[in-house]
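Student: Sequence first, predicted coordinates after that:
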Amino acid sequence: MDVVIIGAGGHGKVVLDILRASGAHRPVAFLDADPALAGSTLCGLAVLGPIHHLSKLRQQSKVRGAIVAIGDNRPRRTYAQHVLDDGLELVNAIHPAASVSTSALLGRNIVIAAGAIVCAEARIGDSVILNTGCIVDHECEIEESAHICPAAALAGRVRVEAGAFVGLGARVIPCMTIGRHATIGAGAVVIRDIPAHATAVGVPAKVIKLNPALAA
């Protein structure tokens with residue numbers, strides 16, 4: 001299937017590499033809201049402009065799918081809905097060097113980067129990023145638009161709620177819950193549940209900030 005990549009930043013380049021390595025879909029162009037990028041070429045693909053080009057692409061070309069390659073969790077979810085509203089299919093980008101259990105359940109618009117490991121009966125929601133070399137162990141649940149950063153490790157039965165961010169190299173012991181839109185700092189070790197909209201850092205991880213304004 002011919003697909004477009006929404007987001008022409010660093011994560012967009014990673015997603016392009018994954019799509020090319022997997023061969024599951026053929027990336028044909030980028031879309032990006034930055035007007036300075038419109039008309040440029042990135043990694044051999046044209047940057048066509050903002051997302052309103054999607055409906056035109058669907059009508060005038062063979063493009064039938066898209067993937068949102070934006071690292072920021074909230075815009076990624078919003079753009080994914082735009083793709084569906086324009087009648088295109090949301091596709092996944094799964095690197096062939098990732099290990100994904102056949103019993104794992106995967107949603108749409110998911111990025112699973114090289115070296116990531118997804119174990120038995122994990123459930124991965126729509127628009128999730130499982131970044132390079134992360135580990136999602138058995139029966140974990142990663143909800144919509146969460147981001148598990150490179151080398152982070154989730155032990156069994158961890159729940160990461162919608163929009164949460166688990167930072168570079170963080171560790172989470174079994175059966176913990178990371179609340180909605182919470183942020184876990186790089187290298188943190190989570191040994192107790194983290195509430196929604198909290199920022200937690202350190203070893204062991206401690207909440208240093210609550211962000212109730214993010215509840216909307």
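Tutor: Nice, thanks for sending it over. Numbers count the residues shown, from 1 in each chain.

Student: what's the spacing between the most centrally placed residue in the chain and V63?
Tutor: In the chain, the C-alpha nearest the mean C-alpha coordinate belongs to I129, at 2.3 Å (Cα atoms, centre = their mean). Separation of I129 from V63 (Cβ to Cβ, to the nearest Å): 23 Å. Every C-beta, even on glycine, is put in place using the N, C-alpha and C of the backbone.

Student: Check A98 too.
Tutor: Using Cβ to Cβ, one gets 25 Å for the distance from A98 to V63.

Student: per-domain residue ranges of this protein.
Tutor: Domain assignment of the chain by automatic domain parsing yields the ranges 2-91, 94-215.

Student: With mean pLDDT added, can I get those in a markdown table?
Tutor: Listed next are the domains of the chain as a markdown table, based on pLDDT from 0 to 100:
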| stretch | mean pLDDT |
| --- | --- |
| domain 2-91 | 92 |
| domain 94-215 | 96 |
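
Student: you'd agree I18 is in a strand?
Tutor: No: under DSSP: H, G, I helix; E, B strand; the rest coil, I18 sits outside any strand and is assigned helix.

Student: list the contacts for the residue lying closest to it once chain neighbours are set aside?
Tutor: On the basis of Cβ to Cβ, 6 or more residues apart in numbering, the spatially nearest residue to I18 that is not a chain neighbour turns out to be A93, at 4.2 Å. By Cβ atoms under 8 Å, 6 or more residues apart in numbering, the contact list for A93 reads V15, I18, L19, S22, H25, I67, A69, I110, V111, I112.

Student: how far away is A93 from A120?
Tutor: The gap separating A93 from A120 is 22 Å, by Cβ to Cβ.

Student: Also D32?
Tutor: Separation of D32 from A120 (Cβ to Cβ): 37 Å.

Student: what do you get for E161?
Tutor: 21 Å.

Student: Which of these two has more residues huddled nearby?
Tutor: Just comparing E161 and A120: by other Cβ atoms under 10 Å the higher neighbour count belongs to E161, 19 against 13.

Student: Cross-check the contact I'm expecting between the more buried one and A196.
Tutor: Yes: under the criterion of Cβ atoms under 8 Å, E161 makes contact with A196 at 6.9 Å.

Student: so what sits against both of these two?
Tutor: In terms of Cβ under 8 Å, 6+ apart, E161 and A196 are both contacted by the residues G179, R180, H181, A182.

Student: want to throw these into TSV with neighbour count and secondary structure?
Tutor: Shown next, in TSV, are these (neighbours: other Cβ atoms under 10 Å; DSSP: H, G, I helix; E, B strand; the rest coil):
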residue	neighbour count	secondary structure
G179	18	coil
R180	20	coil
H181	20	coil
A182	27	coil
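
Student: ok, of the residues you listed, which one's closest to N73?
Tutor: The shortest approach to N73 among those belongs to H181, at 7.5 Å (Cβ to Cβ).
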